[in-house]
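Novice: have a look; sequence and predicted model below, questions after that.
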Amino acid sequence: MAKTLPLRTIEEIKKQRFKDEGVVTITSVEQSEVEEAVYKKLYDLSLRIKVNPNLPELLQESHKCYLLDCLIYLSSGYQSLDASRPWLCYWILHALALLGIKIEEKLKSAVAKFLGKCQSPDGGFGGGPGHLPHLAATYAAVNALVTLGTEEAYNIINRDKLLQFLWSVRQPDGSFCMHRDGEIDIRGVYCALAVASLTNILSEELVRGTFQWIVSCQTYEGGFSGCPGMEAHGGYAFCGLSALIILGKGHLCDLQALLRWTVNRQMRLEGGFQGRTNKLVDGCYSFWQGAAFPLIYTLLAEDGTQVKDHLFDERALQEYILTCCQHPHGGLLDKPGKHRDIYHTSYTLSGLSVAQHFMNDVHILGDEENEVECTHPVYNIRPDHVRKAMLYFSNLGAPNNHSNSNST
Ligand SMILES: CC(C)=CCC/C(C)=C/CC/C(C)=C/COP(=O)(O)OP(=O)(O)O
Ligand SMILES: [Zn+2]
């Protein structure tokens with residue numbers, strides 16, 4: 001009897017190609033595949049630009065429609081992010097804010113009320129209504145409310161309870177766990193410091209030992225890892241550096257090593273960034289890695305160090321984003337061949353903003369209409385929204401509950 005044969009798996013094919021090309025790892029095969037795909041996009045652009053000199057174009061109108069649609073209705077593909085609903089709000093609102101899109105007051109109020117439902121009676125926000133409070137969801141909710149920028153949105157945040165929640169996740173060594181009995185990593189520190197500084201509830205006692213813990217996460221490569229002894233990654237490097245800056249201690253890490261590590265994460269052919277050594281380019285790292293440059297630039301300049309005006313190749317980054325990360329019907333993505341999603345739309349546009357507005361200079365690739373609004377490299381919220389919120393919360397004064405007797 002005849003037997004039906006299954007197709008070879010992609011892994012088997014890659015292994016074969018790996019043997020044929022005499023390259024060292026499967027990762028190298030994947031790297032050359034991405035380079036091929038990016039080269040093709042860049043080559044196509046070089047032909048199309050002869051007909052339309054305004055290319056590459058940021059598809060602002062398509063991105064706006066995609067984001068506004070997502071704010072009202074998300075496809076079933078987002079089911080796995082059901083416990084990250086404040087993130088969905090933040091990513092969409094921030095991306096719209098970068099595109100300069102104003103949202104109707106009614107819609108702003110509806111989003112603020114929804115985020116209010118995600119707030120826990122114990123303080124902090126959970127991933128959805130009724131969920132336990134979590135630092136990442138809290139950060140996303142506060143960033144979303146600050147981006148909304150209305151008094152209704154600000155007043156959703158129960159600052160006394162938020163401070164209680166921060167104390168409940170603080171560890172004796174100054175680190176923070178993501179939720180009660182949850183994992184401890186550098187995201188926790190960053191999320192706690194970001195929300196505490198934005199809402200004016202940061203105190204010396206809350207962050208005792210914190211900067212030493214962050215510094216202990218800087219690795220031999222120069223980047224930061226999630227916790228001491230692990231691998232450096234752009235997401236964690238962003239958290240570490242931004243958290244140190246919130247504490248006014250940015251100069252206490254090895255900035256030259258961090259700069260060297262970050263610069264080397266920009267891919268030579270692709271122009272975008274990888275998250276860690278020997279991994280693939282991804283549009284979202286345009287922000288996670290890119291935000292380090294304005295931050296390091298400011299810290300080095302404050303120390304009187306001579307700094308080059310161009311710490312990274314802003315043009316190549318914009319080229320990667322505009323040529324390889326845009327979905328023709330709106331939304332942005334990781335790399336050619338991937339699906340669009342709102343996480344990548346938000347962080348890739350944030351990276352585009354960093355590349356365009358480096359140190360008060362504006363460098364726009366393509367037509368000037370490609371310009372997006374500035375983002376604050378510490379909070380990843382528009383700087384005008386950060387200032388307005390900080391002023392509002394500083395006028396409210398210090399919260400009632402300064403410390404937690406259960407915590408050391
Ligand atoms: C504020 C906050 C919550 C920040 C989060 C920062 C962030 C993006 C962390 C990423 C952590 C990580 C190890 C990803 C690796 O994913 P992977 O192996 O799929 O990707 P890679 O191959 O690109 O490293
Ligand atoms: Zn990504």
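Specialist: In hand now; what should we look at? Ligands and ions are numbered 1, 2, ... in the order given.
Novice: how about the residues of the stretch 101-250 of the chain near ligand 1?
Specialist: Counting by C-beta under 6 Å from any ligand atom, the stretch 101-250 of the chain comes close to ligand 1 at 136, 139, 187, 190, 191, 233, 235, 236, 239. Bear in mind the C-beta positions are built from the backbone N, C-alpha and C, glycine included.
Novice: recalculate using a threshold of 5 Å.
Specialist: Residues of the stretch 101-250 of the chain that fall close to ligand 1, judged by C-beta under 5 Å from any ligand atom: 136, 187, 233, 235.
Novice: and the first one, what element?
Specialist: Following DSSP states H and E, the helix or strand that holds residue 136 is helix 135-148.
Novice: got the buried residues for whichever helix or strand comes after that helix?
Specialist: Per DSSP H and E, the first helix or strand lying C-terminal to helix 135-148 is helix 151-156. Buried residues in helix 151-156, defined by neighbour count with 16 or more other C-beta atoms under 10 Å: 153, 154, 156.
Novice: now the end-to-end length of stretch 370-390.
Specialist: 29 Å (C-alpha to C-alpha, to the nearest Å).
Novice: ignore the last one, stretch 218-234
Specialist: Counting by C-alpha to C-alpha, the terminal residues of stretch 218-234 are separated by 12 Å.
Novice: which one's the longest helix in this structure?
Specialist: helix 26-48 (DSSP state H).
Novice: around ligand 2, which positions in the chain sit nearby?
Specialist: 282, 284, 334 (C-beta under 5 Å from the ion).
Novice: try it again with 6 Å
Specialist: 282, 284, 334, 344 (C-beta under 6 Å from the ion).
Novice: narrow those residues to those in helices?
Specialist: residue 344.
Novice: show me which of the residues of the stretch 101-250 of the chain next to ligand 1 is closest to ligand 1.
Specialist: Closest to ligand 1 out of those is residue 235 (2.0 Å), distances taken as C-beta to the nearest ligand atom.
Novice: next, that closest one: phi, psi?
Specialist: phi -60, psi -40 (degrees, to the nearest 10).
Novice: quick revisit: helices or strands up against the helix holding residue 136?
Specialist: helix 85-98, helix 105-117, helix 151-156, helix 159-169, helix 186-198, helix 383-396 (3 or more C-beta pairs under 8 Å, 6 or more residues apart in numbering; DSSP states H and E).
Novice: tell me which helix or strand of the protein sits lowest on mean pLDDT?
Specialist: helix 10-21 (a mean of 70; mean pLDDT, DSSP states H and E).
Novice: output the residues of the stretch 101-250 of the chain next to ligand 1 in TSV; the columns should cover distance to residue 72 and pLDDT.
Specialist: Output for those, formatted as TSV (distance: C-beta to C-beta, whole Å; pLDDT from 0 to 100):
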residue	distance to residue 72	pLDDT
136	24	98
187	29	98
233	34	98
235	29	98
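Novice: most surrounded residue in those residues?
Specialist: The residue in these with the most neighbours, by other C-beta atoms under 10 Å, is residue 233 (24 neighbours).
Novice: just checking, that residue touches residue 276?
Specialist: Yes. Applying C-beta atoms under 8 Å, one finds residue 233 in contact with residue 276, separated by 4.8 Å.
Novice: okay, and the common contacts of the two?
Specialist: Counting by C-beta atoms under 8 Å, 6 or more residues apart in numbering, the residues touching both residue 233 and residue 276 are residue 223.
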